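Engineer: Give me a model of this one.
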Amino acid sequence: MKRSGSALFDGDAAASSELVRHRRARTSVGDANDAFRVRLLTDWLAVQGDLDGEVAILAAAQRYDNTYPGEPSLVDELAAAVEGDEWVRAA
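Structural biologist: Model (predicted):
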């Protein structure tokens, strides 16, 4: 396997085994995005009542929504998780 100059630059070169390299090769951007959404939702539920934590997670969700405008809104998903499905964002 060809290695780059830095293991930090090349995750495949940094992998310690063929199994890890194989798993990394099968991870898609969609999988990573789904994992991020799940992690943010989990964190969101955990910080309820902590205003600073809620604001930080909402800011991360808004950055995600701005980066992926074609996907369902993560901000709306977070709000629905605590307010119910009928939540409407104020204009």
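Engineer: What segments of this structure are helices?
Structural biologist: For the chain, applying DSSP state H gives helices covering 11-14, 18-26, 29-46, 51-67, 74-83.
Engineer: any chance of these in CSV, with mean pLDDT and mean neighbour count too?
Structural biologist: Quick note: C-beta positions are derived from backbone N, CA and C, even for glycine. Below are the helices of the chain laid out as CSV (pLDDT from 0 to 100; neighbours: other Cβ atoms under 10 Å):
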stretch, mean pLDDT, mean neighbour count
helix 11-14, 51, 14
helix 18-26, 62, 11
helix 29-46, 84, 13
helix 51-67, 95, 14
helix 74-83, 88, 16
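Engineer: Not counting sequence-adjacent ones, nearest residue to residue 45?
Structural biologist: residue 81 (6.3 Å; Cβ to Cβ, 6 or more residues apart in numbering).
Engineer: The one you found and residue 49: what is the separation?
Structural biologist: The spacing between residue 81 and residue 49, counted by Cβ to Cβ, to the nearest Å, is 14 Å.
Engineer: do the same with residue 39
Structural biologist: 19 Å.
Engineer: before we move on, what about residue 65?
Structural biologist: Residue 65 sits 24 Å away from residue 49 when distances are taken as Cβ to Cβ.
Engineer: ok, back up a step: quick one, what contacts the residue nearest to residue 45?
Structural biologist: 41, 44-45 (Cβ atoms under 8 Å, 6 or more residues apart in numbering).
Engineer: What is the nearest of those to residue 31?
Structural biologist: The nearest member of the contacts of residue 81 to residue 31, counting by Cβ to Cβ, is residue 41 at 15.8 Å.
Engineer: Quick check on the residue lying closest to residue 56 once chain neighbours are set aside: phi, psi?
Structural biologist: Leaving aside its sequence neighbours, residue 56 sits nearest to residue 47 (Cβ to Cβ, 6+ apart; 8.0 Å). For residue 47, the backbone dihedrals (degrees, to the nearest 10) come out as phi -100, psi 10.
Engineer: All good on my end, thank you.
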